[in-house]
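Participant: Sequence plus the predicted model coming up.
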Amino acid sequence: MKKFRKVLDGLTTSSPGGTIGSPSCGSAAGTPTAAPTPKEIDVQETLVSENFQLCKTVRHGFPYQPTALAFDPVQKLLAIGSRSGGVRILGRPGVDCYCQHESGSAVLQLQFLINEGALVTACADDTLHLWNLRQRRPAVLHSLKFNRERVTFCHLPFQSKWLYVGTERGNTHIVNIESFILSGYVIMWNKAIELSTKTHPGPVVHLSDSPKDEGKLLIGFESGTIVQWDLRAKKADFRIYYDEAIHSVSWHHEGKQFMCSHSDGSLTLWNLRNTSKPFQVTFPHGKIQKDGRKESCKPILKVDYKTSRSSEPFVIFSGGLSYDKAGRRPALTIMHGKAITVLEMDYPIVEFMTLCETPYNNEVQEPYAVVVLLEKDLIVVDLTQSNYPVFENPYPMDIHESPVTCTAYFADCPPDIIPILYSIGAKHKKTGYSQKEWPVGGGTWTLGSHTYPEIIITGHADGSIKFWDASAITLQMLYKMKTSKAFEKPKPGEGRAAELLEEDPFAVQMVSWCPQSRVFCVVGISAHIILYRFSKYDANTQIVSLEVRLQCESEDVITPSDNENNPCFSEPGSHSPQSHQQHAASPGSGTSEGVKDSIPCLKVKDRVVRVPPGYQAELVIQLLWADGEPPQQISSLDINSAYGLLAFGNCNGLAVVDYLQKTILLCMSTLDLYGAADPYQRLTRSPRRNRQSTSGLTELSDNQQSVDMERSKSPTSVHYPTSLHNDPRILPEPVASLRASHCSPVFYLLDNVKGPGRKLSLPTDLKTDLDHVNGHCTSPTSQPCSAGKPRIPVGPEGPRLARRGPGRPPFRKAQSAACMEISLPVSHTEGYASRRAMLQQLHGVTMYSHDEHHTTSPYCWSERESRENSFSRSRSSSVSSIDRDTKEAVTTLQFGESFARKSDALPTPCLWVGTSLGVVLVIPMSIPTDQEERMEEPVTIGPSGAVLMLKGSVLRFGFLDCLGALVQSPYEVWRDPNAPEDPERPRRRKLVHFSPSSSQDACGEGHLAVLCSERQAKVFLMPSQSCLFVHNITEASFVLRADVVSVCNSVCLACFCANGHVMTLSLPSLRPLMDVNYLPLTDMRIARTFCFTNGGQALYLSSPTEIQRITYIQEMCDNLQDMLGELFTPIETPEAQNRGFLKGFFGGNAHNFDREELFGEAAAGKASRSLAQHIPGQAGVEGMKVAASGAVGELARARIALDERGQRLGELEERTALMMTSAETFSKHAHELMLKCKDKKWYQF
């Protein structure tokens, strides 16, 4: 018989209270129990710390706040620099590389070393960097830091190793690219201009070498001065002084003309034969007014002057539009001959670049496309067609089309789901794109061997949902749907709808998706849930609407006599949430006093509508207004296709819906769920806190500061409106951490709204952990706040919200997870508490704490358990009791086969409920198994079974069998609801169950339940409810995301903490495997969008426009090099065209210019050491040159070198053979001559 072994490894690393049988592992009722004897479970834990390593994999999306653009015309690579110091290098689809400067300084300019596999970046900290692109992950080879001058412009001529650098002082320096050392050759500004000039010419804004002669450098100064500098003679050939400031200069390819763009919206064309005045001056968008004057125009920021063999030259510029037209969009103008085309853009133009056939500036350019970098988009215009169509962008640049409000990540999906979603999504793609191939096609990428289907889902502020194919570290849009189509469009003046016209009422808060059954559920910000079914056929359908009153009602006036010893929920009929299955009132209805009641926030379409193939709305559930107060946002959601049930909760309670029968099964407050098993001793309300005066509030609400100052004194000294945020009888709603159940919820910045009949609709998805928020006390048991500081407004909209009319819902415009750019500094004096306070203030909600100030004195376990799970950080004697009116939010839900009671012999369908008080409830359900009965017989929900306790708000559940394998929730196999009926084969539901006892013949019945909260994790053995393992995850921080994931053919618990740590714990022993301080939580966007998935991967929104994917397993880190694309591919540089004898004779001596002889140390000397500091790469210059080359690039270059060597050897062999033949002939003739002259005397010659 196999020998069992006890898995007790994790207990030694847990806290003192985390041993088996310790008091922290209480029974269901919260009373002391005997130490449970752990069941001998046979779990072979295979995961060790060597299996884990954290690293970034790939970044998707549009570069946030772009600043610079560059293109390699030979390698066909595109580089984009950003304000945060990032550089994105793009090639063919799959070739997408992200680099980051360590300094984080903005990238000012980018310069490719064309066809050399290198890139020069100029940053705002006046540092130049040389990046090696001959490896899959580029690295910096050299850096050059300017100390005394600020870099303004750089220019690198084609096939040159000398970089021209212009500065703010007007000087021009020259840098050797190979050594990254300054040359002693400097063009000083006072030498470039005439001595008689009394003013400084300004910073250098342009540098370029003449196409006619590389020894002539054109320097443009901001003031309007242009100088052509003869590099050999070290003097100016000519100087141009123009009245208008210069923004850019562009040469004609023959080198006889150049064009300038100016700040007055004009273009000037200059001929080198006569530089005293411009050859031509044009105002492309400046019309002549009635008084004969030109209308003023905006500056032309950049101009490109490109020639073509078959047509007139192209003049392309940005800006230059007239000032008089308000609201005019940014535009790119293309002048081709006499035709002028204005392309209006959706966003301001950051930079544009014309793509040409040749890299040589002295040849006919032949432009074929224009890359336009906008603030929030990247487009490429086809110049070869007269209507200038745009290319279809193959990169996922439209993630932020509407601000991202939630994310979800699914790895190892069913293989058929991606092709189906793509085929349906392809039918709705836009048309009108250019038929030509995407011009940025550099690099190579192959599908790696370690690939499996992955899908990322993003929810957006406009209510749209996007499905993305994320397989093989790429990202491609599959399918897009709009949740707003289920509702009527709000019309002006239509009651409630008029108030939401300027808001985002359809913003997606969270999503839940079952890939196997293809059932999809969306939670919106207006407290609504939409259930979707997938179908390959279009259909005529009518959406069923259910309305739920999940709102705890409050008394109008409470006196001490009424209130004494009268708990809030003593009358369930009047105080419990209520449900309505029919429309109780239209959106514009209300009571006689005008208070909105029993109406939803949105109006569902009540007619039959035609829906296309894809996801089709079947059911809409909406929470109702109650007593003039909007419904609280939904904080948790779970759906199970096998059961046909949907459960959701918020700070008021829990509701369960049968979506097959379209009925509401359960709708009650969290407190009512406990029954007699309430683990907390809840006190009655203090009568003193309920003495209120409406008039007093009205007077105070006009003065924001007076209210804040009064509020900071004591929770009993000022009247509060009847809302969760301010009611002294009700603790502010416990709000869960950014929960990791299926998705990431959306959050909104909400200010305190004061006034009668207003209730703040608070987000219920961020764990809140302090009592002192916004300068006032929120816990009835807490001490008065110190110093009486006035509340700092969260944002500039505070006064605007305070001026809303009566009954105006306090929704604020959807602030997505992408939109949050709020820094959270860590105070060195206040420590961690100030950081949490900042987190609270960010959301305008209060944060409860699970007693972070434990005393060291010993006390009985029941007192400790109560303190660990209390919501007050107060040190008062009443810390272990909670007000009877405490709002206990439902923070996580999960359906599954489990044991609700200790006496259960077989697993049954259960709903696991986690709350913000750290309580876990297991609710059993009875579901008919027969298909006909399931559609007719009601589902019965029993009273709460097990009640388990954790420290902190509950985040996640996971179930393992007694062998340690992950138990999946049961699901229904997908069948098309609109497929044609087959009379011979009637459609029946096919269910797949994963019973926790199916593989445990040796271990008997039961399973393991993994429970994770924001503070600790516990593993319980069901049905005995014995706590086997406890691990306190963090004491100084709190967990934001947690998930039970499959990695390396095993299971672990992955956690992401607010202090930036990413942790993994073994299961079931909860042994720490990895703890990496990955990133500081500088803004809340990361916290809101961070989510784990199977296969050791995770993602988060690194900026409002970009998704960053990471891995935390060693295997994927090792294989990452093979999965990434190759940036550099060996390509032969195109040969320059033969200029001909006459052109070469009369075109100057451009080819005789030797920069090395002019700029080298021998001729120019050394530059001043104090001017710039050279910083070598991390591994040294020579070491980096060798190590920086990727294996493929190294082999390719070696192969080319061998071919060249072989060719040279062949030529050498031929020459050697000719020399040998010549030598033999010479030897023969010499021998003949010797024989002829051998017998002759000297006088015979």
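Facilitator: Received the coordinates, thanks.
Participant: how about the strands in the stretch 51-200 of the chain?
Facilitator: Taking DSSP state E, counting those that start in this stretch as the criterion, the stretch 51-200 of the chain carries its strands at 55-61, 66-72, 77-82, 86-90, 96-100, 107-113, 118-123, 127-132, 139-146, 151-155, 162-167, 172-176, 181-187.
Participant: what's the angle from the fourth one to strand 55-61?
Facilitator: Here strand 86-90 runs at an angle of 70 degrees relative to strand 55-61 (axes from the mean of the first three to the mean of the last three Cα atoms, to 10 degrees).
Participant: Make 33 the starting number, not 1.
Facilitator: Understood, numbering begins at 33; the last thing we discussed is strand 118-122.
Participant: out of the strands of the stretch 83-232 of the chain, nearest to Ser295?
Facilitator: strand 183-187 (16.1 Å; Cβ to Cβ). Yep, even glycine has a C-beta here, placed from its N, CA and C like the rest.
Participant: Now render the strands of the stretch 83-232 of the chain as TSV, adding mean neighbour count.
Facilitator: As requested, these are exported to TSV (neighbours: other Cβ atoms under 10 Å):
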stretch	mean neighbour count
strand 87-93	20
strand 98-104	22
strand 109-114	25
strand 118-122	23
strand 128-132	20
strand 139-145	22
strand 150-155	24
strand 159-164	24
strand 171-178	20
strand 183-187	22
strand 194-199	23
strand 204-208	22
strand 213-219	19
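Participant: Out of those, which is closest to Gly1209?
Facilitator: Comparing those by Cβ to Cβ, strand 171-178 comes nearest, at 4.7 Å.
Participant: nearest residue to Thr416 other than its sequence neighbours?
Facilitator: Spatial nearest neighbour of Thr416, chain neighbours left out: Tyr400 (5.5 Å); criterion: Cβ to Cβ, 6 or more residues apart in numbering.
Participant: Let me know the secondary structure of that neighbour.
Facilitator: strand (DSSP: H, G, I helix; E, B strand; the rest coil).
Participant: what about it, how many neighbours?
Facilitator: Neighbour count for Tyr400, taken as other Cβ atoms under 10 Å: 16.
Participant: likewise Ala1255?
Facilitator: 10.
Participant: Could you measure from it over to His1261?
Facilitator: Distance, Ala1255 to His1261, by Cβ to Cβ, to the nearest Å: 11 Å.
Participant: Now stretch 946-966: average pLDDT?
Facilitator: Computed over stretch 946-966, the mean pLDDT rounds to 91.
Participant: and that stretch, how far out from the chain's middle?
Facilitator: 35 Å (Cα atoms, centre = their mean, to the nearest Å).
Participant: What's the end-to-end length of it?
Facilitator: 27 Å (Cα to Cα, to the nearest Å).
Participant: Over to stretch 1123-1137?
Facilitator: Where stretch 1123-1137 begins and where it ends lie 17 Å apart, using Cα to Cα.
Participant: one step back: can you pull the contacts of the residue nearest to Thr416?
Facilitator: Going by Cβ atoms under 8 Å, 6 or more residues apart in numbering, Tyr400 touches Leu387, Cys388, Glu389, Asp414, Leu415, Thr416, Pro471.
Participant: Looking at those residues, state which has the most neighbours.
Facilitator: Of the contacts of Tyr400, with other Cβ under 10 Å as the count, Cys388 tops at 24 neighbours.
Participant: which residues pair with that one across the strands?
Facilitator: Taking DSSP bridges, one finds Pro399 as the beta-bridge partners of Cys388.
Participant: ok, it to Arg124 distance?
Facilitator: 20 Å.
Participant: Over to His133?
Facilitator: Distance, His133 to Arg124, using Cβ to Cβ: 25 Å.
Participant: Settle it for me: which of the two has more neighbours?
Facilitator: His133 (23 against 18).
Participant: what's the closest non-adjacent residue to the more buried one?
Facilitator: Gly117 (3.8 Å).
Participant: neighbours around that neighbour, how many?
Facilitator: 20.
Participant: Relative to Val172, how far out is it?
Facilitator: 12 Å.
Participant: what pairs with the spatially most central residue of the chain across the strands?
Facilitator: Centroid check for the chain by Cα atoms, centre = their mean gives Leu1133 as the closest residue, at 1.8 Å. Leu1133 has these beta-bridge partners by DSSP bridges: Ile1139.
Participant: surely it meets Met1116?
Facilitator: No: contact status for Leu1133 versus Met1116: not in contact, 10.4 Å apart, counting by Cβ atoms under 8 Å.
Participant: Compute the number of surrounding residues for Ala1011.
Facilitator: 11.
Participant: Check what pLDDT it gets.
Facilitator: 82.
Participant: Is it in contact with Ala571, as I believe?
Facilitator: No: counting by Cβ under 8 Å, Ala1011 does not reach Ala571; the two are 10.4 Å apart.
Participant: tell me the contacts of the residue nearest to the centre of the chain?
Facilitator: Val436, Thr439, Ala849, Ala850, Arg1117, Ile1118, Arg1120, Thr1121, Ile1139, Gln1140.
Participant: Identify the residue with the minimum pLDDT among those residues.
Facilitator: Among those, Ala850 has the lowest pLDDT, at 43.
Participant: Leaving out sequence neighbours, find the closest residue to Leu364.
Facilitator: Leu375 (4.6 Å).
Participant: so how far is Glu1067 from that neighbour?
Facilitator: In terms of Cβ to Cβ, Leu375 sits 58 Å off from Glu1067.
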